[in-house]
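K.L.:
make a model of this:
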Amino acid sequence: MKCIILAAGKGKRLLSEKYQLPKALRELNGKPILSYVLETISFLDKKDIVIIVGFMGEKVIEKIGDKYNYVWQREQLGTGHAVMMAKDYFENDLNLILMGDMPFIKIQTIKDFIDFHLHNKNDLSILTVEGKESSSFGRIVRNADGTIEKIVEVKDAKDEEKKITELNTGIMICNKKVLSLIDELKTDNAQKEYYLTDLVKLSKDKRLKIDGFKVYDEVEFFGINTLEDLEFAENYIKNQNN
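P.N.:
Residues are numbered from 1 along each chain as shown. Have a look, this model is predicted:
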């Protein structure tokens, strides 16, 4: 099994005169945000973990250490583009994709997600969460029979789609058949980026098996993008420790 972690972001809203660091290295309760994600997958061998770096990537490599694999995303062209950079590491059956700025995901959640993928013999599994209409996460659009039709990013969503409360966490497991479609991703969206979520439609067109694993603790997938997010996360950890 390979785990690909997207950690190339600059984190512009986290930068300041005091902290000129990439988002992955911004400290949360005394250690880098990325360290929390790595702890979540500590049951994997480090050699099976691929970290996508970009802005100040040398500092990420220096801080996190050389026991992991690193791949560069020189241009920030979206989540799909980031995963494209790791093509040389794709495994045939199991490729777990994680976001590098979500420090609260539980190990058990990831293990349950992997079990779900294997038990159902899926080609593509998507980790979803029940959340709020106000969320900036993409929406999981399901057909009448409950199967996933597509994932719609908020900026591309219609008003009715924005009311959906099953959210895409960005975390998925896919096999090489799915990842082989990554070169077919297009940038015809509001952000003009390569969306990893477009693999859902491409996989459906190929009649590959897709399913979603839904959980209910939205905080697990809290991503840190702003100083306010960082403050919330610090307080959350303090409250958990008390």
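K.L.:
correct me, but Ile173 touches Asp93?
P.N.:
No - judged on C-beta atoms under 8 Å, Ile173 makes no contact with Asp93 at a distance of 9.4 Å. (Each C-beta comes from the backbone N, C-alpha and C, glycine too.)
K.L.:
comparing these two, which residue is more hemmed in?
P.N.:
Using other C-beta atoms under 10 Å as the criterion, Ile173 and Asp93 rank with Ile173 on top: 25 against 14.
K.L.:
and that one, that's in a strand?
P.N.:
Yes - counting by DSSP: H, G, I helix; E, B strand; the rest coil, Ile173 is part of a strand.
K.L.:
list the contacts of it.
P.N.:
When contacts are counted by C-beta atoms under 8 Å, 6 or more residues apart in numbering, Ile173 touches Leu94, Asn95, Leu96, Ile97, Phe113, Ile114, His117, Asn122, Leu124, Ser125.
K.L.:
wait, isn't Val83 in contact with Leu6?
P.N.:
Yes - counting by C-beta under 8 Å, Val83 touches Leu6, with 7.4 Å between them.
K.L.:
what touches both of the two?
P.N.:
Both Val83 and Leu6 are contacted by Ile52, Ile97, under the criterion C-beta under 8 Å, 6+ apart.
K.L.:
any idea which helix is longest in the chain?
P.N.:
helix 227-241 (DSSP state H).
K.L.:
please tell me how far the residue most central in space within the chain sits from Val37.
P.N.:
Closest to where the C-alpha atoms of the chain average out (C-alpha atoms, centre = their mean) is Met99, at 3.2 Å. Counting by C-beta to C-beta, to the nearest Å, the separation of Met99 from Val37 is 8 Å.
K.L.:
now list whatever residues contact both of those two.
P.N.:
With C-beta under 8 Å, 6+ apart, Met99 and Val37 have common neighbours Ile5.
K.L.:
dump the helix or strand bottoming out on mean pLDDT in the chain to CSV, restricted to CA.
P.N.:
Within the chain, no helix or strand scores below helix 227-241, which has a mean of 88 by mean pLDDT, DSSP states H and E. Output of helix 227-241 as CSV, limited to C-alpha atoms (Å, rounded to 0.1, in the frame of the first residue of the first chain):
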residue,chain,number,x,y,z
LEU,A,227,-4.7,32.0,11.6
GLU,A,228,-8.2,31.6,12.9
ASP,A,229,-8.2,27.9,12.0
LEU,A,230,-4.9,27.6,13.8
GLU,A,231,-6.3,29.2,16.9
PHE,A,232,-9.3,26.9,16.8
ALA,A,233,-7.0,23.9,16.5
GLU,A,234,-4.8,25.0,19.4
ASN,A,235,-7.8,25.4,21.6
TYR,A,236,-9.3,22.1,20.5
ILE,A,237,-6.1,20.3,21.5
LYS,A,238,-6.0,22.0,24.8
ASN,A,239,-9.6,21.1,25.6
GLN,A,240,-8.9,17.5,24.5
ASN,A,241,-5.9,17.3,26.9
